[in-house]
Every structure is written in structure tokens, then in C-alpha cells.
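>>> Sequence and computational prediction follow.
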Amino acid sequence: MNTAVVYHWWSLESDSPPHQNIRVPIIGSIATLRAVDKTIPIYVLDCSDHDVDWCGYDKILNFKIIRTQFFLKDYSHRNGWQNLSRIFDLRRTEVPEKILLYSDADVFWIKSPLPLENSPNKFSFNGTNSGLFYFDRTSPEVDKFFNLFEAFTITALNDESFRIITRQYTGQIPFFVIDEQVLTYMHVKMRDLFNTLETTEHFVMYKFTEQTDFSTLKNLHLHAVIVENPLEVIDWKKKWNRGA
């Protein structure tokens, strides 16, 4: 099989273990993927700086954990640097498959992601949200995309004037730089580098309407869905419990 699904994970020692974490529900996401596709390879890039207790779920759900480090660790003084590092980290992932599909931990699967609806010969995402994307790592167009993305991102981290330009495409953001402001900027300015996913392949819940036909969708991405967990002790963690 030439396609694999990859997740990005890190946690603090004070965080709940993955199988109990409903704020970042990676085990729930992988479980829904395994329910609709028994064989697709799944990898988790674990960038935690401590040993994470997966409680055997890697065996139960048949996924492999790759211990690695954040490529952007030199920017750890910037808020949100871990999220920003994921595309850099994914580019450098060494796995046998040539087509990689990235999934956020709050993407829940209704159908198998295969077959892909777009050609992975270009970086494929929905034009605004980086919670799901895929690419063929052997494609020259994808290599060109990565070279430009990395150059623009490093520039945004170091140049306020360029940050102002890219922030025009995302509005108010919680982090110093997010990958979506660079991706959206590139999607607008360099559309020929991308294939754009339809909602059938990446459905973000803020697009929900009464007319949404769930039978056509492959997944539900609970981005920006707020579900409070009253049992959470730390205040900022109480709101974003998308696995609930």
C-alpha cells in the first residue's frame, strides 16, 4: 500500500495519557479510522520530551509510534511553535509509503480516506484549514511547495512585516505564527501548487448547515467545536474537549 495516515502528537508529563485525553482525542480519531479501514498504515509522530504511556492502544488499533523531535525546536520561545512544526516534521518522516495523509486528532472518520479524490501530486488541502492534507512525497511539485512553505514560515517567524501580510488571510490568531496563515497566503498567491479538497474529503464542522448530507462525507473535523469538561482542573483546558 502506497498511502499512510500520519498523526502529530506531543504532551506534557502533567497531561492525561492519550487514551484518557478528550481535549486532544487522538485515540478516538484513530479508533474511528480503524473502524472504517482495517489495513491502512497509521503512524503517530510523538514529539513528547518524556515517555508517553499509550496503554497498549498502539497494539489494539494497529498503529506505529515514531519517537522524534520538533524540527522547529529553535523557535520554542514562540507561542504555538509545536503546531507550526508539524509540516516540517512530517516532511522528514521516514516511512515506506510515498503518499502521506495527515489527520488532526479531532478528525473522526465516517468512511475510509481511500481512494483519494484528488491527485496527491500537489499538496492537497481545503485552502484554509490544515487539519487534513495529503501529498506524494516523490512529486517535484510537492517538493517545490515544501521548499517555499518552509522559506515563508521561517521568514514569518523572523519578519514582522511579512507576518502582517500573512495574517491578513487568517485574521486574529492565538499563536505567534500558525501554518494556516502561510498555507492560505500561498493558496491565494500560488494556486498552481495546490489541489483543493472538497467538503466530502475534509468536512470542518463550522461548515455545517441543515442541508449537510452526511452520507457524502468521509469525516467530521471538530475544529472550533467547544465541549466543556467540568472535571478538568486547569481552566484553559476545560473548554476544548472535542473528544467528549
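Thanks, I have it.

>>> Only alpha carbons, please: show the lowest-mean-pLDDT helix or strand in the chain as CSV.
Sorting the helices and strands of the chain by mean pLDDT, DSSP states H and E puts helix 160-167 at the bottom, at a mean of 92. The C-alpha atoms that make up helix 160-167 are tabulated as CSV, following Å, rounded to 0.1, in the frame of the first residue of the first chain:
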residue,chain,number,x,y,z
GLU,A,160,7.1,41.4,11.5
SER,A,161,6.2,43.0,8.1
PHE,A,162,5.7,39.6,6.5
ARG,A,163,3.7,38.3,9.5
ILE,A,164,1.4,41.3,9.0
ILE,A,165,0.9,40.3,5.3
THR,A,166,0.2,36.6,6.1
ARG,A,167,-2.2,37.4,9.0
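
>>> Just the buried positions in it, please.
Neighbour counts using 16 or more other CB atoms under 10 Å place 162-163, 165-167 of helix 160-167 among the buried residues. To be clear about C-beta, it is placed using only N, CA and C from the backbone, and glycine gets the same treatment.

>>> mind checking how far residue 47 is from residue 77?
17 Å (CB to CB, to the nearest Å).

>>> the more surrounded of the two?
residue 47 (20 against 7; other CB atoms under 10 Å).

>>> For the closest residue to that one other than its chain neighbours, what are phi and psi?
Of all residues not flanking residue 47 in the chain, residue 10 sits nearest, at 4.2 Å (CB to CB, 6 or more residues apart in numbering). Dihedral angles of residue 10 (phi, psi; degrees, to the nearest 10) stand at phi -150, psi 160.

>>> Tell me who's in contact with residue 10.
Neighbouring residues of residue 10 by CB atoms under 8 Å, 6 or more residues apart in numbering: 46-49, 70, 82.

>>> ok now the lengthiest helix in the chain, how far from the chain's centre?
In the chain, with assignment by DSSP state H, the single longest helix is helix 140-158. Here helix 140-158 is found 17 Å from its chain centre; the criterion is CA atoms, centre = their mean, to the nearest Å.

>>> Mind listing what's buried along that helix?
Quick answer for helix 140-158 (16+ other CB under 10 Å): 141-142, 145-146, 148-150, 152-153, 155-157.

>>> Which elements pack onto it?
helix 81-91, strand 123-125, strand 132-136, helix 160-167, helix 179-189 (3 or more CB pairs under 8 Å, 6 or more residues apart in numbering; DSSP states H and E).

>>> Go again with 7 Å.
Judged by 3 or more CB pairs under 7 Å, 6 or more residues apart in numbering; DSSP states H and E, helix 140-158 is in contact with helix 81-91, helix 160-167, helix 179-189.

>>> Other residues contacting the next helix or strand after the last one?
Moving toward the C-terminus from helix 179-189, the next helix or strand (DSSP states H and E) is strand 194-196. Strand 194-196 is touched from outside by 118-119, 122-124, 126-127, 187, with contacts defined as CB atoms under 7 Å, 6 or more residues apart in numbering.

>>> hmm, try it at 8 Å
Contacts to strand 194-196, defined as CB under 8 Å, 6+ apart, come from residues 118-127, 145, 186-187.

>>> Apply the buried test to these and list what passes.
120, 122-126, 145, 186-187.

>>> mind showing which ranges of the chain have poor pLDDT?
For the chain, applying pLDDT under 70 flags the ranges 1.
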